[in-house]
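**Student:** predicted coordinates and the sequence they were generated for:
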Amino acid sequence: MRTVRGFCAAVLVSGAVCVHAQETFTVILDEVFNGKINIVPELPSDGKVAAGTLLTISAAPDDGYALDSVYYSVQSMWLMFHESMTSPFQVVVNSDRHIGASFIEKAELENINVTQDVVYAKPGVKPLKYDVYAPAGAENLPCIVIIHGGGWSANTEDIMRGMARELIRDGKYVVFSMDYRWAGTRDGDAVGNTMADIIGDVFGGLAHIMEHAAEYGGDPSRIAVTGDSAGGHLSAVAGTMPDMIGEGGFGKMPGVFEFMPSYLPAGKTAAEVRAGLLKSIKAAAPSYGVFDSSRLNHYSEDPAADQSWKDAVAPRSHIPNASEREIPHYLIRGTADPLISDKMVKEYTDALVEAGQRAEYVQVGGAGHAFFDWKPDPQTRATFRKIGVYYIREMEAFFNSVFYPAR
């Protein structure tokens, strides 16, 4: 008999009867603040739960508070949260995990219309979706699209909801927070996803947002892109490289690198989507991202994949001259960031300036990585409130200079 994670594998020898061993996992309930949580079935005192058990988690806020999310978290490269913004939330126990719920002050959601899980494409196992945050009564407002980070292989759009809520606080923007495929087979796809696939998802999501922006009070002809870490790279790509959208394939022919959007509006070609995005994307604010090909992975198993494939996904290699298309940038990094160096961001900033582009680079003294993220754990939320909120206001001022120039 051999037991593996989540199920039992049996070896029958000489007609012996297989008896399935029951595996258990440890489930820990995190401390809950400003609300209550109920779990069915009730967790045992030692936290040991049989593999395959379905837990139903219900959460209710205290007076003056609202549900932020119900979640479970697992340790991978870092602590990763799987969340639901509605209650109850059902979870199948197939690994050790923490479960819990987080709440925020009800005032933080006043005059905000949130539309969650708008599916824009399903090129693989995972449906690709975005969430929409719109001020009450929004009409013909510029759009900001947020692309989350996570090493191109973790997290979802949920991790950027704190930023989305802050960016619409003044009622000047409709914000879209989007997801994309993870690199390799981490989504469960039989064939690994490449960086070209991920970029195709970004352009597909943008095409879908342009098509439907007006439904949420957004103006599809005025779009800004932002994102952090891996999303910093992807938002820089979205800002600088829409001209590479096309149907010629990525690396299928020597020297031809084009990104096929994972979604095309009915009756539209990739060329028409390319033309629309080139006109509509007006600004980019990539936060602590990767811009140079020497630090990027194409994630392709094609034996022909070489350095040129990395160059083809690197924003620094594809900055348009401002005389042809202006794409002002706001860049930010914490001085204590262990992943992204000052040199990496400065080189990209200098290349933008050399191309005549407006570029502003801000360093945050003592800040680490991912201070724009929002998660249920107290440390992430405290960092967001201490550093993230202030610099989101600064980023909004940059966007205002593009979409609401002083008269």
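**Tutor:** Noted; the coordinates are in hand. Everything numeric here is computed off the predicted structure, so don't read it as measured data.

**Student:** following the longest helix along the chain, which helix or strand shows up next?
**Tutor:** Counting residues, the longest helix in the chain under DSSP state H turns out to be helix 195-212. With elements assigned by DSSP states H and E, the helix or strand that comes after helix 195-212 is strand 218-228.

**Student:** list the buried residues for that following strand?
**Tutor:** Within strand 218-228, the residues scored as buried using 16 or more other C-beta atoms under 10 Å are 218-220, 222-228. Where you see a C-beta, it was placed from the backbone N, CA and C, and this is true even at glycine.

**Student:** which helices and strands sit right next to that strand?
**Tutor:** strand 141-147, helix 195-212, helix 230-240, helix 270-280, strand 281-287, helix 389-403 (3 or more C-beta pairs under 8 Å, 6 or more residues apart in numbering; DSSP states H and E).

**Student:** most tightly packed of these?
**Tutor:** helix 230-240 (a mean of 28; mean count of other C-beta atoms under 10 Å).

**Student:** pull the residues that contact that helix.
**Tutor:** Contact with helix 230-240 is made by 145-152, 160, 180, 198-199, 202-203, 206, 225-227, 277, 281, 283-291, 296, 313, 315, 318-320, 327, 329, 340, 348, as judged by C-beta atoms under 8 Å, 6 or more residues apart in numbering.

**Student:** one step back: next, the angle from the longest helix of the chain to strand 141-147.
**Tutor:** 160 degrees (axes from the mean of the first three to the mean of the last three C-alpha atoms, to 10 degrees).

**Student:** quick one: helix 195-212 to chain centroid distance?
**Tutor:** 13 Å (C-alpha atoms, centre = their mean, to the nearest Å).

**Student:** for stretch 225-241, same thing?
**Tutor:** So, by C-alpha atoms, centre = their mean, the centroid of stretch 225-241 is 10 Å from its chain's centroid.

**Student:** quick one: mean pLDDT over that stretch.
**Tutor:** Computed over stretch 225-241, the mean pLDDT rounds to 98.

**Student:** again, but for stretch 88-101
**Tutor:** 96.

**Student:** what residues sit buried inside stretch 41-52?
**Tutor:** Buried residues in stretch 41-52 (16+ other C-beta under 10 Å): 43, 49, 51.

**Student:** which one of those is nearest residue 107?
**Tutor:** Using C-beta to C-beta, residue 43 comes nearest to residue 107 of these, at 32.6 Å.

**Student:** so residue 170 sits in a strand?
**Tutor:** No: Residue 170: not assigned to a strand; according to DSSP: H, G, I helix; E, B strand; the rest coil it is coil.

**Student:** give me the residues contacting the helix or strand containing residue 117.
**Tutor:** Residue 117 belongs to strand 112-121 when assigned by DSSP H and E. Contacts with strand 112-121, where a contact means C-beta under 8 Å, 6+ apart, come from 85, 127-136, 138, 165, 168, 178, 201, 204-205, 208-209, 212, 216, 262-263.

**Student:** same thing with stretch 266-284?
**Tutor:** Residues contacting stretch 266-284 (C-beta under 8 Å, 6+ apart): 142, 203, 206-207, 210, 220-226, 235-236, 238-240, 242-243, 245-247, 258, 260-261, 264-265, 325, 327-330, 398-399, 402-403.

**Student:** what angle do the strand holding residue 117 and helix 195-212 make?
**Tutor:** Going by the same axes, to 10 degrees, strand 112-121 makes 130 degrees with helix 195-212.

**Student:** paired strands for strand 112-121, with orientation please.
**Tutor:** strand 128-135 (antiparallel) (DSSP bridges).

**Student:** what about the strand it pairs with, distance to the chain center?
**Tutor:** 12 Å.

**Student:** tell me where the stretch 1-150 of the chain is predicted with low confidence.
**Tutor:** 1-22 (pLDDT under 70).

**Student:** cutoff 80 now
**Tutor:** Across the stretch 1-150 of the chain, the ranges flagged by pLDDT under 80 are 1-22, 76-78.

**Student:** isn't residue 171 up against residue 134?
**Tutor:** No: using C-beta atoms under 8 Å, residue 171 is not in contact with residue 134; the gap is 9.6 Å.

**Student:** quick one, what contacts the nearest residue to residue 211 once chain neighbours are set aside?
**Tutor:** Of all residues not flanking residue 211 in the chain, residue 265 sits nearest, at 4.7 Å (C-beta to C-beta, 6 or more residues apart in numbering). The contact partners of residue 265, taken as C-beta under 8 Å, 6+ apart, are 207-208, 211, 273.
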